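coordinates for the following, if possible.
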Amino acid sequence: MTRAFDRRPVEPAVVDALVALARRAPAAGNTDGLDWVVLEGDGTAAFWDTTMPAERRDGFAFPGLLDAPVVLLPVAHPDAYTARYGEPDKARSGLADPARWPVPYWSMDGAMAVMILLLAAEDAGLGALWFGVFKQGEALATRLGIPADRQILGAVALGHPLPARAGRSAARPRRPVADTIHRGGW
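Here you go, the predicted model:
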């Protein structure tokens, strides 16, 4: 994950190609319920000014993150999923009721699409960082005109990477693979 970017722009055609690849991710019921808000160049200020106002930036551990020339927001449409699962070929699932979704498919589909975008960005020689949009999500949605029935799943900063120090969690060891595989049951 890249946390420091130079300010060189990313060609819109490259961003479009990355999103096109991300759209090839699995989509439950072929719902196609994910949109992308792409903020580029000076347009990224709307994101940062809403989610991290200037007065909160002093002491921010990764100031080079704010130089990312592109910020992408994957935006899910939960109602598209519940409508799709109310159609005759899916109705027996009972998933037309959003309360029946222990793990919403729109979150999973969005996560898979973001993963494809991250891998494709790396292949394109770009850096990217997937991170959450927390308390400011509603204000951001309002500022960007995102419909109230949509859900911002997070944000992807994208651009040409600069060398940067690793995040605090980078040195944390992973468990051995043998400790994570449970064949035939737990």
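
count of residues packed around residue 88?
The local packing of residue 88 (other C-beta atoms under 10 Å) involves 6 other residues. All C-beta spots, glycine's among them, are computed from the backbone N, C-alpha and C.

make sure it is indeed in a helix.
No - the assignment for residue 88 is coil, going by DSSP: H, G, I helix; E, B strand; the rest coil, so no helix is present there.

and it, what are its phi and psi?
Main-chain torsions, residue 88, degrees, to the nearest 10: phi -50, psi -40.

swap in residue 72?
Per degrees, to the nearest 10, the backbone of residue 72 is at phi -110, psi 140.

which ones are touching it?
Contacts of residue 72 were listed using C-beta atoms under 8 Å, 6 or more residues apart in numbering, and they are 15, 19, 36-39, 117, 155-156, 158.

cool, and residue 122?
Contacts of residue 122 were listed using C-beta under 8 Å, 6+ apart, and they are residue 128.

mind checking the SS state of it?
Secondary structure, three-state DSSP: residue 122 is helix.

among the contacts of residue 72, which ones are in strands?
36-39, 155-156, 158 (DSSP state E).

can you pick the most crowded of those?
Scoring these on neighbours with other C-beta under 10 Å, the highest-scoring entry is residue 158 at 28 neighbours.

what pairs with that residue across the strands?
Beta-bridge partners for residue 158, by DSSP bridges, are residue 70, residue 128.

measure it to residue 31 for me?
Distance, residue 158 to residue 31, using C-beta to C-beta, to the nearest Å: 25 Å.

got the contacts of residue 72 as CSV, with pLDDT and distance to residue 141 columns?
Converted to CSV, these look like this (pLDDT from 0 to 100; distance: C-beta to C-beta, whole Å):
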residue, pLDDT, distance to residue 141
15, 98, 21
19, 98, 19
36, 98, 14
37, 98, 9
38, 98, 15
39, 98, 13
117, 98, 20
155, 98, 12
156, 98, 16
158, 98, 20
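
quick one on the thing from earlier: among the ones in strands among the contacts of residue 72, which pair sits farthest apart?
37 and 158 (12.8 Å; C-beta to C-beta).

just the endpoints, please. Distance across stretch 25-38?
Start and end residues of stretch 25-38 are separated by 18 Å (C-alpha to C-alpha, to the nearest Å).

what's next to stretch 47-65, contact-wise?
3-5, 39, 66, 71, 73, 129, 133, 136, 139-140, 143, 155, 157, 162, 164, 167.

which of those residues fall in helices?
Mapping the contacts of stretch 47-65 onto helices (DSSP state H) picks out 139-140, 143.
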